[in-house]
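A.B. asks: I'll drop the sequence and a predicted model, then ask my questions.
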Amino acid sequence: MWILTAILLLIPPFPAFSQDGAVRLFREVQGPYSIVEKSDWSRYDNGKYTGHVYREVRASIIPQAMQQYRGNFFVMEETLRDMRQSARAVDEVIPVSFRIDGERVAIDPPGDDRGFPSLRNFPAIPADAIKPGSKWTAKGKRAVDPLNEGKPVVIPLVAEYEYRGIEDYRNIPVHRIVAKYASRSEGQGEAFQVQGTHNVDILLRVSDGIPLLMRDTLDETYSWHNGSTIRFRGFTLTFGDGLVPLDREAFITRTKKSTDPGIDKIAESGIDLAAVPEGVKLTVKDIRFEPDSDQMLAAERPRLDMIARVLKETPDRTFLVEGHTAAIGRPTGEMELSVQRAKGMVDELVSRGIPAERFIYKGWGGTRPLGDNTSDEGRRINRRVEITILE
């Protein structure tokens with residue numbers, strides 16, 4: 001039941017002004033936008049507590065022309081509480097493209113709605129100037145998927161808002177807004193019904209309207225026609241911020257021409273750099289591991305040192321590490337090995353001083369070959385690790 005609020009960056013822009021103590025909220029986001037959502041819930045199946053749920057989704061959204069947006073949603077695996085500061089394994093990478101038409105989110109292509117962004121026209125910003133205590137009501141929508149089956153259902157919502165004024169958040173002036181809405185979905189023919197409540201605390205940066213934090217305290221229950229129920233109770237924290245655009249070509253040129261002794265031979269070391277829609281990708285070719293193992297050979301240490309130095313040149317970015325294997329007819333084992341090798345790369349880079357929480361990782365097995373798996377050379381090319389510096 002992902003509640004990722006990537007739509008936060010889509011507040012319609014308004015000019016700001018003050019009049020008799022009133023303010024007009026606005027948004028002025030020109031570049032890429034990152035969001036991290038962390039959900040911390042208790043789960044009850046058929047009224048019985050069945051455990052704790054901790055989930056995470058990260059998104060990188062890039063505005064395009066004419067209210068068009070694109071990006072990727074990285075859905076993380078469920079983990080225990082004490083793993084929050086660890087590198088996170090990615091269950092699914094969901095590319096998205098959508099546009100905003102008034103209060104409507106149009107997924108592109110039509111009919112390919114996979115539930116992201118999930119909150120739509122929320123939070124809604126009033127057109128009029130407001131003062132502390134001002135209230136307004138607006139319609140929105142949510143895409144919900146309580147069983148995480150990849151079958152989202154879009155349901156309506158009506159939210160009530162109240163403006164609380166300006167305060168400081170980590171020494172940054174922010175507008176505080178509180179909102180609440182009820183979950184209601186009781187129409188004919190729906191796969192399930194949902195009832196519950198959401199109370200949401202929202203902080204918008206005064207300087208540009210970027211939502212820095214949203215805390216959604218929720219309690220809702222899903223019911224199926226066979227009488228079974230699932231209840232989620234807890235909170236979801238969403239952190240957002242604008243990013244300085246990554247000049248891909250300049251970064252690649254600067255890295256290849258670096259005079260840093262730890263980087264200057266990157267072009268000769270079997271590491272390719274390329275600009276991709278998501279950012280800049282480093283492809284570590286023919287990465288050498290112990291046979292059928294995730295343990296890298298000692299001979300790889302110079303390349304690992306070099307990669308770490310390159311990544312340290314890009315503060316405040318998320319790094320996606322993807323493992324690939326040759327395809328030799330063992331897809332399950334190949335997938336497991338690729339995940340282990342991606343995680344092994346992360347561990348090596350963390351040991352070189354890069355914070356673990358900046359990494360997410362995924363294995364693809366032999367499903368994304370670059371070479372012909374029927375030849376030794378092709379299999380060699382396919383055994384690789386790719387690291388993307390996300391936009």
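C.D. replies: Arrived safely, thanks for sending.
A.B. asks: What's the mean pLDDT across the helix or strand containing E322?
C.D. replies: Per DSSP states H and E, E322 falls inside strand 319-324. The average of the pLDDT scores along strand 319-324 is 95.
A.B. asks: Just the CA trace of it, in CSV.
C.D. replies: Listed next in CSV are the C-alpha coordinates belonging to strand 319-324 (Å, rounded to 0.1, in the frame of the first residue of the first chain):
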residue,chain,number,x,y,z
PHE,A,319,23.9,5.5,-6.2
LEU,A,320,22.1,2.6,-7.8
VAL,A,321,24.3,-0.5,-8.0
GLU,A,322,23.1,-3.3,-10.4
GLY,A,323,24.7,-6.7,-10.7
HIS,A,324,24.6,-8.8,-13.9
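A.B. asks: Look up how far V385 lies from F359.
C.D. replies: 12 Å (C-beta to C-beta, to the nearest Å). Where you see a C-beta, it was placed from the backbone N, CA and C, and this is true even at glycine.
A.B. asks: Spit out the residues that contact the two alike.
C.D. replies: Shared contacts of F359 and V385 (C-beta atoms under 8 Å, 6 or more residues apart in numbering): V321.
A.B. asks: about what we covered before: now do the strand holding E322: everything it contacts.
C.D. replies: Contacts for strand 319-324 (C-beta under 8 Å, 6+ apart): 74, 87, 90, 278, 311, 337-343, 345-346, 349, 354, 358-366, 368-369, 382-390.
A.B. asks: try it again with 7 Å
C.D. replies: Applying C-beta atoms under 7 Å, 6 or more residues apart in numbering, the contact partners of strand 319-324 are 311, 338-339, 341-342, 345-346, 358-364, 368, 382-390.
A.B. asks: With stretch 255-264 instead?
C.D. replies: Contacts for stretch 255-264 (C-beta under 7 Å, 6+ apart): 266-267, 273, 305-306, 309-310.
A.B. asks: List the buried residues for that stretch?
C.D. replies: Buried residues in stretch 255-264, counted by 16 or more other C-beta atoms under 10 Å: 255, 258, 263.
A.B. asks: now, among the residues you listed, which is nearest to P211?
C.D. replies: Nearest to P211 among those is T255, at 33.1 Å by C-beta to C-beta.
A.B. asks: Tell me the first helix or strand C-terminal of the one helix or strand that closest one maps to.
C.D. replies: Under the criterion of DSSP H and E, T255 resides in helix 248-256. With elements assigned by DSSP H and E, the helix or strand that comes after helix 248-256 is strand 271-276.
A.B. asks: Next, the angle from the following helix or strand past that next one to strand 319-324.
C.D. replies: Proceeding N to C from strand 271-276, the next assigned helix or strand is strand 279-285, under DSSP H and E. Orientation note: strand 279-285 sits at an angle of 40 degrees relative to strand 319-324 (axes from the mean of the first three to the mean of the last three C-alpha atoms, to 10 degrees).
A.B. asks: Which other helices and strands does strand 279-285 contact?
C.D. replies: Judged by 3 or more C-beta pairs under 7 Å, 6 or more residues apart in numbering; DSSP states H and E, the packing partners of strand 279-285 are helix 248-256, strand 271-276, helix 301-311, strand 384-390.
A.B. asks: List just the one of the ones you listed that sits closest to H225.
C.D. replies: Across these, closest to H225 is strand 384-390 (C-beta to C-beta), at 41.4 Å.
A.B. asks: Quick one: mean pLDDT over the closest one.
C.D. replies: For strand 384-390, mean pLDDT rounds to 93.
A.B. asks: buried residues in the strand holding E322?
C.D. replies: Buried residues in strand 319-324, defined by neighbour count with 16+ other C-beta under 10 Å: 319-324.
A.B. asks: between the residues you listed, which is nearest I62?
C.D. replies: The closest of the buried residues of strand 319-324, once distances to I62 are taken by C-beta to C-beta, is L320, at 15.1 Å.
A.B. asks: Does that closest one have any beta-bridge partners, and if so which?
C.D. replies: I360, T388 (DSSP bridges).
A.B. asks: cool, the one 4 residues further on as well?
C.D. replies: With DSSP bridges as the criterion, H324 is bridged to R384.
A.B. asks: hmm, back to that, with respect to P110, which of the buried residues of strand 319-324 is nearest?
C.D. replies: L320 (28.1 Å).
A.B. asks: I'd like the distance between the closest one and R88.
C.D. replies: Counting by C-beta to C-beta - L320 and R88 are separated by 10 Å.
A.B. asks: what residues are shared contacts of those two?
C.D. replies: Residues within reach of L320 and of R88 at once, by C-beta under 7 Å, 6+ apart, are I360.
A.B. asks: S351: neighbouring residues, count only.
C.D. replies: 11 (other C-beta atoms under 10 Å).
A.B. asks: oh, I was asking about T238
C.D. replies: A total of 25 residues lie near T238 under the criterion other C-beta under 10 Å.
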